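Undergrad: would you be able to build a 3D model of this:
(one chain, ligands or ions: 1)
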Amino acid sequence: MGFFSGTKTIGILGGGQLGKMLLTTTRKWDLTTKVMDPSSSAPSKIACNTFVQGDLMDYETVVSFGADVDVLTFEIENVNTDALAHLESKGVSVYPQSSVLKTIQNKGLQKQFYVEHYLPTAPFQRFDSKVALKEAVVKGDMSFPFVWKAETMGYDGYGVKIVRSNQDLETVNEGECLAEEMVKIDKELSVIVCRSPKGEVACYPCVEMEFHPTANQVEYVISPARVSTSLAKKAEKVALAVSEAFQHVGLLAVELFLTQEGELWVNEVAPRPHNSGHFSIEASYTSQFEQHIRAILDLPLGKTENKVAGVMVNIVGKEGYNGPVFYKNLEYILAIEGVNPHIYGKKETRPFRKMGHITIINEDVDMARKIAEQVKETLEVISK
Ligand code: ADP
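TA: Coordinates of the predicted model:
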């Protein structure tokens, strides 16, 4: 197939930490890679064969980047999908497919997709402007509280707001949006599914995501989720149905709400390596990154079971610090058993910027969670 003999190239759009971790596998297997990112100091730069600086949303730039690669993938969702579709028409294998990315790039289209495929999701309404949403509120078609979501370009909770009053409504951005029923969430779960072009499917065990109380960002990911076996199986079944509906190639992270009534609703999906799968590097037989590379090269998929429990804690910039990054107390946490730091290599810190993550492995998931908290309290990402 040429990839192991150095005659074929994998192209990766986006050179952030997810790309850097994908490159661990390509380096392990000596696969040739070419990466594009808008930043000249992208974390992936040190680990690819060829680095190109360029705009991922620009049609011509993406087409010319992809023209001489054999398989093209992405580690970020804000990529020009028309360019991907054009490359597909020219014979480049784009995985996940441009059609999958196009659907998920728009939260309204994504929600409609779930409805059309009879997949459970929170009730919602779409609006083409803030004015239209306000009118619906005045008419009584929408009532507080609800969750406002920008249809495009939101990430890590930046395009999401809980609206409890007219005053809150004033603060949301202009543009196409959806208003979603506010779910009474018991737990947020995630299941990562991987599919190969020949339709082989591998599903990781269900994990639990704990959010930072104010930043609306995942703080801890717990694998396996602390839920009953039957609920975990049910979550995995829903995720497999979502995967079947998309017919994607490569990874698909399926984020789910477990409601207080015990129902499982699909929140959203990500067709790429996902924060909720980082634990797999140390805790699983096959990491999500290796699994993605296996899938896009149409190789047999690896075993997804955990070897051991894993808890991942995101390392983000401390509030009040902007500038050249300094990791304080890293040496103390390294003295703790089962602690595996990943430092992404971003030069500048900002409050809540994702700078790295740490996975704690332990036979006992509750002990791993406890150590994760100790790690979080000890390590400080600051600027001197
Ligand atoms: P993003 O794409 O920015 O990650 P999400 O749609 O996943 O945005 O929303 C971010 C977080 O906001 C979710 O993980 C959840 O905690 C909360 N949230 C989103 N939708 C709802 C909802 N309908 N009801 C209650 N909380 C929600």
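Undergrad: list the contacts for the residue in the stretch 151-300 of the chain positioned nearest to the ligand?
TA: Nearest to the ligand, among the residues of the stretch 151-300 of the chain, is Val183, at 3.7 Å (CB to the nearest ligand atom). The C-beta positions use only the backbone N, C-alpha and C, and glycine is treated the same way. With contacts defined as CB atoms under 8 Å, 6 or more residues apart in numbering, Val183 is in contact with Ala122, Val147, Phe257, Thr259, Trp265.
Undergrad: can you list the strands that the helix or strand harbouring the third one pairs with?
TA: When secondary structure is defined using DSSP states H and E, the element that contains Phe257 is strand 250-259. Strand 250-259 sits in its sheet next to strand 185-195 (antiparallel), strand 264-270 (antiparallel), going by DSSP bridges.
Undergrad: for that strand, C-alpha coordinates in CSV please.
TA: Extracted in CSV, the C-alpha atoms of strand 250-259 (Å, rounded to 0.1, in the frame of the first residue of the first chain):
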residue,chain,number,x,y,z
GLY,A,250,-11.8,7.4,11.1
LEU,A,251,-12.7,8.5,14.6
LEU,A,252,-16.0,9.8,15.7
ALA,A,253,-16.4,11.0,19.3
VAL,A,254,-20.0,10.9,20.4
GLU,A,255,-20.8,13.2,23.3
LEU,A,256,-23.9,12.2,25.3
PHE,A,257,-26.0,13.6,28.1
LEU,A,258,-27.3,11.2,30.7
THR,A,259,-30.4,13.0,31.9
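Undergrad: that one - what's its average pLDDT?
TA: Averaged across strand 250-259, the pLDDT comes to 98.
Undergrad: go on, stretch 280-295?
TA: Here the average pLDDT along stretch 280-295 is 98.
Undergrad: for stretch 140-153, same thing?
TA: For stretch 140-153, mean pLDDT is 94.
Undergrad: same question, stretch 121-134
TA: According to the model, stretch 121-134 has a mean pLDDT of 97.
Undergrad: chain center to the helix ranked longest in the chain, what's the gap?
TA: Across the chain, the longest stretch assigned as helix under DSSP state H is helix 229-246. Distance of helix 229-246 from the chain centroid (CA atoms, centre = their mean, to the nearest Å) equals 17 Å.
Undergrad: contact partners for the residue nearest the centre of the chain?
TA: Nearest to the mean C-alpha position of the chain, by CA atoms, centre = their mean, lies His274 at 3.2 Å. Going by CB under 8 Å, 6+ apart, His274 touches Ser190, Ile192, Leu251, Ala253, Gln288.
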